[in-house]
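Q: task: produce atomic coordinates for the following.
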Amino acid sequence: MDKESIFLTFTALGLIVLAGFDNYGLYIAIGVFWIIAAFNKNLGLLALWSIIIFMIGFALMRLISIYAGNEFTKIDLSLLVAELTLVSAGCWLIKNRE
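A: Next up, the predicted model:
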């Protein structure tokens, strides 16, 4: 497996596990798409862009929540860092795509 496939697989598994706790079917479907894209190179670029957009959306929602005065915890900070890290990794993989 190459770096892109590993990134897509682990990001998908993380999303599916987190979504499973809340029973969000759409998140599980997106995670399944990312796993399929890990093994289908034709879908890889689309999957990477969807991860970037998806995580930017989460990060913006978290920043708006913090700005609106909701309680800010270490969990919020660690999730924000994780989301921004995934965005950066996705951009790096797109830039260095073979």
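
Q: so where is this structure shaky, pLDDT-wise?
A: Within the chain, the segments meeting pLDDT under 70 span 20-23, 98.

Q: name the single longest helix found in it.
A: In the chain, assigned by DSSP state H, the helix with the most residues is helix 41-67.

Q: mind listing the helices for this structure?
A: Going by DSSP H, the chain shows helices at 3-22, 25-39, 41-67, 74-95.

Q: and stretch 52-69, what's buried?
A: Using 16 or more other Cβ atoms under 10 Å as the test for burial, stretch 52-69 gives 52, 54-55, 58-59, 62. In this view, the C-beta of every residue, glycine as well, is placed from N, C-alpha and C.

Q: mind checking how far the longest helix of the chain is from the chain centre?
A: Helix 41-67 has its C-alpha centroid displaced from the chain centroid by 6 Å (Cα atoms, centre = their mean, to the nearest Å).

Q: by how many degrees do it and helix 25-39 diverge?
A: 140 degrees (axes from the mean of the first three to the mean of the last three Cα atoms, to 10 degrees).

Q: report all helices and strands that helix 41-67 contacts.
A: helix 3-22, helix 25-39, helix 74-95 (3 or more Cβ pairs under 8 Å, 6 or more residues apart in numbering; DSSP states H and E).
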